[in-house]
Each structure stands twice: as structure tokens, then as C-alpha cells.
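*Asks:* predicted model, plus sequence, below.
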Amino acid sequence: MMIAQWLVIFALPALLAAAAGWDLASFTIPNFLQGALLSVFAAFAIAAGLSLPEIGFHLLAGLIGLVIGFTLFALGYIGGGDAKLFAAMLLWLGFSDIVPYALYVSLFGGALTLGLLFMRNLPLPAFFARQRWLLRLHDEKSGIPYGVALALGAFWILPQSEIFHLAAI
């Protein structure tokens, strides 16, 4: 069980922080981070002793997340990396935490969007104008790095999530 705890408390948040940081800096979330999230979940499932039906339900939740995410991607609301990160998080969270996770992601995403829209109406101080990633983030033609909201939603719900409690047993 100690391995399962380590994966949920350290590995998952580290991968989410990396995805959020990458998205913030470049508006992309690399596929190797998505692959790492899937691999770490597989290790978690084994370490936590999840049964095959439990693993199946987590896989189904992830598949539903992929369908929802790529529908939002096809409609132009989120990027492809965001869609895959959403699916990876639903794989981790399973059905029991989908609704609260989606709610928190929406709240954080709305706050992030409003904050960026406000910031983009202000001049960028000269010191920050030397940072290419900040220039891109400040550009009103740029999108919203929604991976930040996806990670924040996960950080918020993780202590109350089923997987957190499974790892703590």
C-alpha cells in the first residue's frame, strides 16, 4: 500500500504540475506526460489491489472522458492535450468523482479565463515583455491554457477522492 500512497500523493501531483506548467508556458501538453499518467495509474491499480471490475470502471470513465474531451476539441473549445489530460484524470478518478471534478475544473477554468482576459487588457511591464512565454500568454489571439484548470481541479478534489482513500487504506 505504501507504493499506492506514494503514487497518489507524489507522482500524480508531480505529473499534473508538469502538465499545467507546460501548458502555461507553451500551450501544449506533451504526449509523454499523458503516457506517464496512464503508466502510473496502471502501477497504482496493481499496488492498490484494484479488482478487474474496478479497473474496468476506471477505464470506462477514462474512455468517456476521451469522448467528451475530443468532442470539446472538435468544437474548438479546448486543445488536444487538454482533452487527453481530462481523459487521464477521469481514468484516475473513476465514476465516483467525475461530477465534482468537472465542476471544479469549470470553476477554475472560468477564473483562469477571466483572469487572462483581464490581464490581456493591461500593458505588459517591460521586465515581463522579455519572457517569450509571457508574451504568448498575454497575446489576445492566444487561447487559454486549460491544462492549468484541469490540474487545479484535480489538486482540489484529490484529498476527497476515492483513489486517495484507496491509497490510504
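*Replies:* Perfect, thanks for sending it. Predicted, not measured: the structure shown is a model, and the values here were computed from it.

*Asks:* can we go C-alpha only for contacts and neighbour counts from here?
*Replies:* Noted.

*Asks:* next up, the contacts around residue 119.
*Replies:* By Cα atoms under 8 Å, 6 or more residues apart in numbering, the residues touching residue 119 are residue 138.

*Asks:* please tell me how far it sits from residue 129.
*Replies:* Applying Cα to Cα, to the nearest Å, the value for residue 119 to residue 129 is 13 Å.

*Asks:* do the same with residue 78
*Replies:* 26 Å.

*Asks:* need the helix or strand of the protein with the lowest average pLDDT.
*Replies:* Ranked by mean pLDDT, DSSP states H and E, the weakest helix or strand in the chain is helix 126-129, scoring a mean of 80.

*Asks:* check the offset of that one from the chain's centre.
*Replies:* Taking Cα atoms, centre = their mean, to the nearest Å, the mean C-alpha location of helix 126-129 is offset from the chain mean by 29 Å.

*Asks:* can you check stretch 77-94 too?
*Replies:* Stretch 77-94 sits 6 Å away from the centroid of its parent chain (Cα atoms, centre = their mean).

*Asks:* same question, stretch 137-145
*Replies:* Between the centre of stretch 137-145 and the centre of its chain there are 19 Å (Cα atoms, centre = their mean).

*Asks:* buried residues, it. List them.
*Replies:* Neighbour-count burial for stretch 137-145 flags 137-139, 143-145 (criterion: 16 or more other Cα atoms under 10 Å).

*Asks:* could you do stretch 96-107 as well?
*Replies:* Neighbour counts over stretch 96-107 (16+ other Cα under 10 Å) mark 97-98, 101-102, 104-106 as buried.

*Asks:* kindly report the same for stretch 28-46.
*Replies:* Under the neighbour-count criterion of 16+ other Cα under 10 Å, stretch 28-46 has 28-29, 33-34, 37-38, 40-41, 44-45 buried.

*Asks:* check stretch 159-169 too.
*Replies:* Quick answer for stretch 159-169 (16+ other Cα under 10 Å): 161-164, 166-167.

*Asks:* next, format those as JSON lines and append distance to residue 111 and secondary structure.
*Replies:* Listed next are those as JSON lines, based on distance: Cα to Cα, whole Å; DSSP: H, G, I helix; E, B strand; the rest coil:
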{"residue": "161", "distance to residue 111": "23", "secondary structure": "coil"}
{"residue": "162", "distance to residue 111": "26", "secondary structure": "helix"}
{"residue": "163", "distance to residue 111": "27", "secondary structure": "helix"}
{"residue": "164", "distance to residue 111": "26", "secondary structure": "helix"}
{"residue": "166", "distance to residue 111": "31", "secondary structure": "helix"}
{"residue": "167", "distance to residue 111": "31", "secondary structure": "helix"}
